[in-house]
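1. What follows is a predicted protein model with its sequence.
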Amino acid sequence: MAMPETLSIRMQMVIRSHHMTGHGTKFGRKKEEAIVALLTHRTSEEAARAVGISGVTLLRWQKEPEFQVSYQEAKRAAFGQSVARLHHLSSAAVSTLGKVMLDTTTPPATRVRAADSILNHTSKAIETEDIEARVSELERAVEIVKPHRTK
């Protein structure tokens, strides 16, 4: 289950950007490759083989704080790309639900499930927008109060 080449390249860029600063740290290309392999293979053993290292070496690296930080950042980047794909596909998904719901030849139970799904997702979207608006307002209020607290 390999990731697309562009994703692997992007993961390596994320990992390298984290290690370009710092005083004298040397992360190493093999460790960068190991992180990408961990993200693109089903098991640690497969990842280690893909990079050409032993499973013991990979396990030892995974205990290093610097490796853990880089691995976490790479996982976040990969997850961010997945979320972006979901955003891209959401319009088509809503269209599909709408077509199923409105198609009179579709079984009634399926139409009801599509309608229920649309209502549930709409409700969640409204709740999320409300929460985001409240958090933004609270952040603005904190920024206004901050200058007065330092006096």
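-> Nice, thanks for sending it over.

2. Just give the number of residues close to V56.
-> Neighbourhood size, V56 [other Cβ atoms under 10 Å]: 9. Quick note: C-beta positions are derived from backbone N, CA and C, even for glycine.

3. Return the mean pLDDT over the helix or strand hosting R140, rounded to an integer.
-> If you go by DSSP states H and E, R140 is part of helix 108-149. Across helix 108-149, pLDDT averages out at 93.

4. tell me the centre residue of the protein?
-> F79 (1.5 Å; Cα atoms, centre = their mean).

5. In terms of helices and strands, where is that one?
-> If you go by DSSP H and E, F79 is part of helix 65-102.

6. in that helix, what's buried?
-> Residues 67, 70-71, 73-74, 77-78, 81, 97, 100-101 are the ones in helix 65-102 that count as buried (16 or more other Cβ atoms under 10 Å).

7. Which segments of the protein make up each domain?
-> 5-67, 103-149 (automatic domain parsing).

8. and those as TSV, adding distance to A92?
-> TSV is the format used below for those (distance: least, Cβ to Cβ, whole Å):
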stretch	distance to A92
domain 5-67	21
domain 103-149	14
